[in-house]
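Novice: mind looking at a prediction? Sequence and model below.
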Amino acid sequence: MILELQKLFKKVKQDARIYQILFLSSFLLLGIGSRDWTLKPGIVGVMLITCWVTQAIALFLLSWRDRLSFSPQHQEPKAKSIGSVNQSIATSFYRFISPLFSASITALAICLLLRSQSYSTMIFAGILAIGSKFMFRLHHPNGSGKHWFNPANFGIIAVLLLTNDAWISPGQWGEDWWYAILFLSAGGMVLKKVGRLDTTFAFLGTYALLEAVRNLYLGWTWDVFGHHLMSGSLLLFAFFMITDPRSIPNARAGRLVWAAAIALLSFVLRHQFYVPEAIFWALFAMSPLTIGIDYMWRSPRFNWFKPKQLLLTPHSAL
């Protein structure tokens, strides 16, 4: 039993999502405690439960659909453990709880960015966010698939469009320098583990360059430039939303082009059309392009699990 617990702890420790959950939870507590947010603590709990339940129901329905299918391409492959036919208890339990990690990240991201006094609106956002992973999905002949919308971003944009009592507060973090250092440090640690720092650099680099050119053109001082780039919401977006490795382009070249395009669209929406939530609308608009980019630049899809650890069914890592 102790050996199995050690194996389970090792698997959890190697999963980058655990660190992301810890950081997002810390940011949420920090925001509630130091920024006087209007977020009700009960909404956080309800959002987590909503995302967990929606994920579990969706996976059950997906598995049930595959079992009813007589087509070989939809037959769910059996999960194997490297070097052993029978999985250990730790591996089996980890496969069972693993989908909840991604659902937790989605729930925490929505709570960090979306505001509403209505529980029903927040629940609606959680259901749509998790549901988007299963509704908007590119299927492959081998039974695997890929969702191209960032779940949290989809849920946020959906309730902004469909309800009247939800909003985003881009300035909720202010421009304090120590928030920026915190987000940069935490985000850098997570992205180093998943290998997606290039996406953040492409987005922030392009956005900073456009802001610098505009700053020079208008003859403003450089403190205005720093003010625009020190936004906590911008850094959270750059390190924890646009870098979701399961929904962004697989190839590095594709990610760089895609992230730069999002930065360009964000810049235009913010300064030409005065949209305060420009970065979120830009990500939503550019997400479907992931399909074409993956077709142009072929590369294996990201997997949260190392091949030497275990081979999972296509749906278990959602």
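Specialist: Everything's here; your move.
Novice: grab the nearest non-local neighbour of Val224.
Specialist: Among residues not flanking Val224 along the chain, Asn215 sits closest, at 6.1 Å (Cβ to Cβ, 6 or more residues apart in numbering). Bear in mind the C-beta positions are built from the backbone N, C-alpha and C, glycine included.
Novice: ok, that neighbour touching His227?
Specialist: No: in this structure, Asn215 is not within contact of His227 by Cβ atoms under 8 Å, at 10.1 Å.
Novice: who's more crowded, these two?
Specialist: Asn215 (17 against 13; other Cβ atoms under 10 Å).
Novice: other residues contacting the helix or strand encompassing the more buried one?
Specialist: Taking DSSP states H and E as the criterion, Asn215 maps to helix 197-218. The contact list for helix 197-218, computed with Cβ atoms under 8 Å, 6 or more residues apart in numbering, reads 187-188, 191, 222, 224-225, 228-229, 234, 238-239, 242-243, 248, 252, 255-256, 258-260, 262-264, 266-267, 271.
Novice: hang on, the earlier thing: which pLDDT value goes with the residue nearest to Val224?
Specialist: pLDDT recorded at Asn215 is 95.
Novice: equivalent analysis for the one 4 residues further on, please.
Specialist: Predicted confidence (pLDDT) at Gly219: the value is 93.
Novice: give the contact list for it.
Specialist: Contacts of Gly219 by Cβ under 8 Å, 6+ apart: none found.
Novice: and it, how far from Val194?
Specialist: Per Cβ to Cβ, to the nearest Å, Gly219 is found 41 Å from Val194.
Novice: leaving out chain neighbours, which residue sits closest to Pro249?
Specialist: Counting by Cβ to Cβ, 6+ apart, the residue nearest Pro249 is Ile293, at 4.4 Å.
Novice: looks to me like that neighbour is in a strand.
Specialist: No: Ile293 sits outside any strand when classified using DSSP: H, G, I helix; E, B strand; the rest coil, being helix.
Novice: surely it touches Val257?
Specialist: Yes: if you go by Cβ under 8 Å, Ile293 and Val257 touch, sitting 6.9 Å apart.
Novice: who has more neighbours, these two?
Specialist: Each of Ile293 and Val257 has its neighbours counted (other Cβ under 10 Å); Ile293 has more, 20 against 17.
Novice: how close does the more buried one get to Met135?
Specialist: 20 Å.
Novice: do Ser25 as well
Specialist: Taken as Cβ to Cβ, the span from Ser25 to Met135 is 28 Å.
Novice: ok, those two, which is more surrounded?
Specialist: It is Ser25, of Ser25 and Met135, that has more neighbours when counted by other Cβ under 10 Å, with 15 against 12.
Novice: shaky segments in the stretch 101-250 of the chain?
Specialist: The stretch 101-250 of the chain contains residues with pLDDT under 70 at 139-144, 174-175.
Novice: where do the helices of it begin and end?
Specialist: For the stretch 101-250 of the chain, the helices defined by DSSP state H, counting those that start in this stretch cover 119-135, 151-162, 177-194, 197-218, 222-229, 232-240.
Novice: reformat those helices as a markdown table; add distance to Thr106.
Specialist: A markdown table is the format used below for the helices of the stretch 101-250 of the chain (distance: least, Cβ to Cβ, whole Å):
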| stretch | distance to Thr106 |
| --- | --- |
| helix 119-135 | 5 |
| helix 151-162 | 5 |
| helix 177-194 | 15 |
| helix 197-218 | 18 |
| helix 222-229 | 26 |
| helix 232-240 | 11 |
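Novice: nearest to Ile49, out of the ones you listed?
Specialist: helix 119-135 (8.6 Å; Cβ to Cβ).
Novice: between the helices of the stretch 101-250 of the chain, which gets nearest to Arg298?
Specialist: Per Cβ to Cβ, nearest to Arg298 of those: helix 197-218, 17.4 Å.
Novice: which secondary structure elements does the helix or strand containing Phe60 contact?
Specialist: According to DSSP H and E, Phe60 maps onto helix 41-68. Judged by 3 or more Cβ pairs under 8 Å, 6 or more residues apart in numbering; DSSP states H and E, helix 41-68 is in contact with helix 89-113, helix 119-135.
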